[in-house]
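Engineer: could you look at this predicted model? Sequence included:
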Amino acid sequence: MARPLFDSPHIFGIHEPGGEQFMLAAGRPGWILFSEVLGHDPSDLSGVDYTSYASQGFGLLVRLNHGYEPDGTIPHSSQYEAFARRVANFVGTSRGARIWVIGNEMNYAIERPGIKIDWSRHHTRRDGPPDVADPTRRGLAVRFNVLPDHSREIRTTRRHDQPR
């Protein structure tokens, strides 16, 4: 039985295209995660053609975001219906992918709609000013604070979205 065009038997992967030539050179076309910003306009029928990647043997995952800070990875609940229609339109007109992820890290404060983070109040696990040492804020100690760690320390992002 032939392998489906959209899957890869390899575990290797990259976030966004740009390094896929290294996987091809190694004879191990793995996975590529694409991150798309869709908004919530239900009349937007645009999509993306990913077949040039899929035809090379890459497995594709496409993350569908409403937006980035402060728009939220998914919109406010009042816009769910419009966002769902936009997602359906995008998936329906896109080619070459079949694995869709809606939203990103919804438990992370910066991914919530309407939240604007005061980055100067967050400490990262890296050296230097946050915008230089950790521009994507992946080193924030509070990034996954909703997960239980059984510590007695109270960690929160509350009030970090407000200027001092």
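Structural biologist: Perfect, thanks for sending it.
Engineer: show me the strands in the protein, by range?
Structural biologist: With DSSP state E as the criterion, the chain has strands at 13-15, 31-37, 59-65, 99-102.
Engineer: for these, which one ends up most surrounded?
Structural biologist: Most buried of the strands of the chain by mean neighbour count (mean count of other CB atoms under 10 Å) is strand 59-65; its value is a mean of 20. All C-beta spots, glycine's among them, are computed from the backbone N, C-alpha and C.
Engineer: for that strand, give me every contacting residue.
Structural biologist: Residues outside strand 59-65 that contact it (CB atoms under 8 Å, 6 or more residues apart in numbering): 6-8, 10, 13, 30-38, 48, 50, 53-54, 73-74, 87, 90-91, 94, 96-104.
Engineer: distance check, Ile115 against Gly19.
Structural biologist: 31 Å (CB to CB, to the nearest Å).
Engineer: looking at these two, which is more packed in?
Structural biologist: Taking neighbours as other CB atoms under 10 Å, Ile115 and Gly19 compare with Ile115 leading, 16 against 12.
Engineer: so how far is Ala82 from Asn104?
Structural biologist: From Asn104 to Ala82 the distance is 19 Å (CB to CB).
Engineer: what's the answer for Ala54, then?
Structural biologist: 29 Å.
Engineer: who has more neighbours, those two?
Structural biologist: Taking other CB under 10 Å, Ala54 and Ala82 do not tie; Ala54 has more neighbours (22 against 17).
Engineer: surely that one is in contact with Gly96?
Structural biologist: Yes: Ala54 lies in contact with Gly96 (CB atoms under 8 Å); the separation is 4.2 Å.
Engineer: could you list the low-confidence segments of this protein?
Structural biologist: The chain contains residues with pLDDT under 70 at 1-6, 119-131, 133-164.
Engineer: what about the helices in it?
Structural biologist: 20-25, 51-54, 80-93, 130-133 (DSSP state H).
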